[in-house]
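1. Quick one, what's the 3D model for this:
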Amino acid sequence: MRSVDIALISLSLVFLGLAYIASDVEPASIEEAGEGRLVEFTGVCAYSSDGFSILTDGRFSVPVFSDLKVGKVYRVIGIYRGSGIKPRKVEDGKIELEEYEGAYWVDYYPSLLTPKKIKLKFELSGVHEGELVRVKGVFFGSKLVPVEYHVIGNLTSPKDGYPFKFKGIVLYGGNPGIIFWKNRSVKVYLRDNQTLIPGRVVEVLGITRVAGRITVYASVVKDVGSANISEKPRVGEIVEDECRIVQKLEDGVKLECLNLPLSNVMGRVGDKVKFRALRRFSDYLCLNYTLFPRENLGNMICSPKVGKAGKVSGVVENVKEVRGRIIAQVKHGNCRILLKVKPDVKIGVGDKVEAFGVFSTYYKKPVLIVEEEEDICLNSSCR
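-> As a prediction, this is how the structure comes out:
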């Protein structure tokens, strides 16, 4: 056999041996990685851009010189170069994932409220803010990289620290405002100088604080209509009517036709008010009104109606003081009535009087109760 043939056979055997040895090399773990060494790593893609990606298993994060899909688990085998892996083989992988359950929320960045806030690496496609979701993934720095997730549902009642979506009627406007929801008051703070308008139905989504009362810090507020109109309104409903003022209050009036005060109205006893008002817990809030002056009232000395506002004109026949109040008898034609006024009103026999007040009875006799000096004119002199 020639020496050339022997040399070729020897080289072939060497190459076969090297190939056998190379094929039998097991890739090292990333903890044992060294420059030029064959390594293996399984992790979730946390970042990818222009042929460069980062895989993480929650403990180690390793650059991979390849385009990978964020949020997917890969098993990569390749050569360790410059603190990263130059891949020879990339395939789907499996690792143990952490699992969290909470409400999905986006506020500057996507997060999961458990109620502790867990930042997410990216937004969850197909999931609406406030929905309860179960997420599996691994952490990359301070953010959880979602790998698997599915929606559980929505909260049906407010829970401290969680988002809550509800629909209710604005009882007290402004910012913050008060919304009536399921017979409860919810205090709502709004963003960006927004304001709530009483009588409107709104849909609110925001973070809830529950500490005795419910407070919501709204992210989204939508106006979806007006409160219902009813002849016998319950809290959160609107009434439309017209009747006269029977008493002035510090911040409103009392009317003949309402069992509670009407706020946001200014007027005098006897003035007629045509109004649209929202029923609240302890009063009605006037949304708009038209005032008709009491001067249009006729003389009701002959036709008093107990509990109603009215006007009486006539001449004073006699005057007496009873328990700190002045009782004056007034006559007009064949009709007489008593006036009950405060002692600082200087009224005497023979005075011509025109008075506004509310009709009642005094020892079964009709009487007009006059509360303010502005409600009585003596001898054509009015305050």
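2. how deep is the closest residue to residue 27 other than its chain neighbours tucked in, by neighbour count?
-> What sits nearest to residue 27 in space, not counting adjacent residues and going by CB to CB, 6 or more residues apart in numbering, is residue 40, at 3.9 Å. Backbone N, C-alpha and C define where each C-beta goes, glycine included. Here the number of neighbours of residue 40 (other CB atoms under 10 Å) works out to 17.
3. Could you tell me how far residue 40 is located from residue 88?
-> Residue 40 sits at a distance of 10 Å from residue 88 (criterion: CB to CB, to the nearest Å).
4. now the helix or strand hosting residue 76, how far from the chain's geometric center?
-> Using DSSP states H and E, residue 76 sits within strand 73-81. On the basis of CA atoms, centre = their mean, to the nearest Å, strand 73-81 sits 49 Å off its chain's mean C-alpha point.
5. Show residues contacting it.
-> When contacts are defined by CB atoms under 8 Å, 6 or more residues apart in numbering, strand 73-81 is touched by residues 27, 33-45, 55, 64-66, 68, 85-95, 147.
6. Tell me the buried residues in that strand?
-> By 16 or more other CB atoms under 10 Å, the buried positions in strand 73-81 come out as 73, 74, 75, 76, 77, 78, 79, 80.
7. likewise stretch 218-227?
-> Along stretch 218-227, these residues count as buried under the neighbour rule (16+ other CB under 10 Å): 218, 219, 221, 227.
8. from those residues, which is closest to residue 209?
-> Of all these, residue 209 sits closest to residue 218, with 12.1 Å by CB to CB.
9. Spatially nearest residue to the closest one (excluding sequence neighbours)?
-> Nearest non-adjacent residue to residue 218, counting by CB to CB, 6+ apart: residue 206, 3.8 Å away.
10. isn't there a strand covering that neighbour?
-> Yes: under DSSP: H, G, I helix; E, B strand; the rest coil, residue 206 falls within a strand.
11. For it, give its distance to residue 350.
-> Taking CB to CB as the measure, residue 206 and residue 350 are separated by 69 Å.
12. between these two, which one's more packed in?
-> More crowded of residue 206 and residue 350, by other CB under 10 Å: residue 206, with 24 against 8.
13. tell me, how many neighbours does the residue nearest to residue 183 when sequence neighbours are not counted end up with?
-> Beyond its immediate neighbours in the sequence, the residue positioned closest to residue 183 (CB to CB, 6+ apart) is residue 235, lying 7.6 Å away. Neighbour count for residue 235, taken as other CB under 10 Å: 14.
14. where does the chain have low pLDDT?
-> In the predicted model, the chain carries pLDDT under 70 at residues 1-25.
15. if I look at residue 91, how far off is residue 40?
-> Distance check for residue 91 against residue 40: by CB to CB, it reads 11 Å.
16. Tell me where the stretch 1-150 of the chain has helices.
-> Counting by DSSP state H, counting those that start in this stretch, one finds helices in the stretch 1-150 of the chain at the ranges 3-23.
17. ok, and the closest non-adjacent residue to residue 78?
-> Spatial nearest neighbour of residue 78, chain neighbours left out: residue 87 (3.8 Å); criterion: CB to CB, 6+ apart.
18. Wait, the one you found touches residue 65, no?
-> Yes: using CB atoms under 8 Å as the test, residue 87 is close enough to residue 65 to be in contact (6.9 Å).
19. any shared contact partners between the two?
-> With CB under 8 Å, 6+ apart as the test, residue 87 and residue 65 reach no residue in common.
20. For the buried residues of strand 73-81, which two are the farthest from each other?
-> Set against one another by CB to CB, these have their most distant pair in 73 and 79, with a gap of 21.3 Å.
21. that older thread, return the residues in contact with the residue nearest to residue 183.
-> With CB under 8 Å, 6+ apart as the criterion, the residues that contact residue 235 are 171, 180, 183, 279, 280, 281.
22. Show the backbone phi and psi for it.
-> phi -60, psi 130 (degrees, to the nearest 10).
23. And it, how far from residue 153?
-> Relative to residue 153, and taking CB to CB, residue 235 is found at 29 Å.
24. Over to residue 79?
-> According to CB to CB, residue 79 stands 48 Å off from residue 153.
25. Likewise for residue 210?
-> Between residue 210 and residue 153 the distance, using CB to CB, works out to 19 Å.
26. Show me which of those two is the more surrounded one.
-> Neighbours of residue 210 and residue 153, each counted by other CB under 10 Å, are more numerous for residue 210; the result is 15 against 8.
27. three-state assignment of that one?
-> Put simply, residue 210 is strand when judged by three-state DSSP.
28. Got the phi and psi for the closest residue to it other than its chain neighbours?
-> Distances taken as CB to CB, 6+ apart put residue 160 closest to residue 210, at 4.3 Å, once the chain neighbours are dropped. Geometry field for residue 160 lists phi and psi as phi -60, psi 130, criterion degrees, to the nearest 10.
29. Likewise for residue 327?
-> phi -110, psi 120.
30. I'd like to know how many residues surround it.
-> Neighbours of residue 327 using other CB under 10 Å come to 17.
31. For it, name its beta-bridge partners.
-> residue 320, residue 340 (DSSP bridges).
32. cool, residue 204 as well?
-> Using DSSP bridges, the beta-bridge partners of residue 204 come out as residue 166, residue 221.
33. got the contact list for it?
-> By CB under 8 Å, 6+ apart, the contact list for residue 204 reads 165, 166, 167, 168, 179, 186, 188, 216, 218, 220, 221, 222.
34. same thing with residue 171?
-> With contact taken as CB under 8 Å, 6+ apart, residue 171 is in contact with 177, 178, 179, 180, 185, 198, 235, 236, 278, 280, 281, 285.
35. Let's see which of those residues end up in strands.
-> Applying DSSP state E to these, the entries found in strands are 177, 178, 179, 180, 185, 278, 285.
36. Format these as JSON lines; extra columns: neighbour count and distance to residue 357.
-> Output for the ones in strands among the contacts of residue 171, formatted as JSON lines (neighbours: other CB atoms under 10 Å; distance: CB to CB, whole Å):
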{"residue": "177", "neighbour count": "24", "distance to residue 357": "37"}
{"residue": "178", "neighbour count": "21", "distance to residue 357": "35"}
{"residue": "179", "neighbour count": "27", "distance to residue 357": "39"}
{"residue": "180", "neighbour count": "23", "distance to residue 357": "36"}
{"residue": "185", "neighbour count": "17", "distance to residue 357": "37"}
{"residue": "278", "neighbour count": "28", "distance to residue 357": "29"}
{"residue": "285", "neighbour count": "21", "distance to residue 357": "26"}
